[in-house]
Each structure stands twice: as C-alpha cells, then as structure tokens.
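Asks: Take a look and give me a structure for this.
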Amino acid sequence: MAFTFYGLLEACLLVVNAVAVLHEERFLSKIGWGTDQLAGFGEDRGTKHQVINLIHSVRTVMRIPLIFLNAVTIVLLLLMG
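Replies: Numbering: from 1, shown residues only. A predicted model of the protein is given here:
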C-alpha cells in the first residue's frame, strides 16, 4: 500500500477521533489530565496545561464536524474500495 495524501488525511482523522472519545472522568482524571488539574488564572501555563486545553477543545468543537467527516470517509471507502 502506497503512502498517499488521502492516507495521511485518514490517519489524522483517526487521531482526532481518538482524542474526541477520551472520557474525562474515566480516563483523563485518573492520569491527572482532567480539567480540574488546570492551573489557576494568572499562573504559568506549561505544556501539560496546553495539551489539556487542546483535548478539551477538540472534544467540544469537533463533535459535529467529526460526524460529517467520518460519514464522508466511510462513503469514500465503500465507493473506492
């Protein structure tokens, strides 16, 4: 199987799907990455804080677009093989 641009887009979609399905209480809080672990206002924001914000943003903003993108990807895979 050749590495194509479509393959790269599909891999990115799978990674965003994986981030979107992370459950905060079941998984993220147990490893210390829940939103309750964020630093207070005005404190130093490190890499962990930025990753937690990214995960929370992806879960909030990408919910509806992911449904559409997954449907398009499934139809393309069914049509093209």
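Asks: roughly how far is the lowest-mean-pLDDT helix or strand in the chain from the heart of the chain?
Replies: Of all the helices and strands that make up the chain, helix 47-61 has the lowest average by mean pLDDT, DSSP states H and E, namely a mean of 83. The chain centre lies 9 Å from the centre of helix 47-61; the measure is C-alpha atoms, centre = their mean, to the nearest Å.
Asks: Who are the packing partners of it?
Replies: Packing partners of helix 47-61 (3 or more C-beta pairs under 8 Å, 6 or more residues apart in numbering; DSSP states H and E): helix 5-20. In short, each C-beta sits where N, CA and C put it, glycine included.
Asks: Enumerate the positions of the helix it packs on that are buried.
Replies: By neighbour count on 16 or more other C-beta atoms under 10 Å, the buried set for helix 5-20 is Val16.
Asks: for stretch 57-64, same thing?
Replies: Neighbour counts over stretch 57-64 (16+ other C-beta under 10 Å) mark Val58, Arg59 as buried.
Asks: roughly how far out does that stretch sit from the chain middle?
Replies: 8 Å.
Asks: How about stretch 20-28?
Replies: 11 Å.
Asks: Contacts for that stretch, please.
Replies: With C-beta atoms under 8 Å, 6 or more residues apart in numbering as the test, stretch 20-28 has contacts from Gly34, Thr35, Ile52, Ile55, Val58, Arg59, Met62, Arg63, Leu66.
Asks: Check which helices and strands the one helix or strand Thr73 maps to sits against.
Replies: Using DSSP states H and E, the element containing Thr73 is helix 63-80. Applying 3+ C-beta pairs under 8 Å, 6+ apart, we find helix 63-80 packed against helix 5-20.
Asks: quick one: the helix it packs on to helix 63-80, angle?
Replies: 140 degrees (axes from the mean of the first three to the mean of the last three C-alpha atoms, to 10 degrees).
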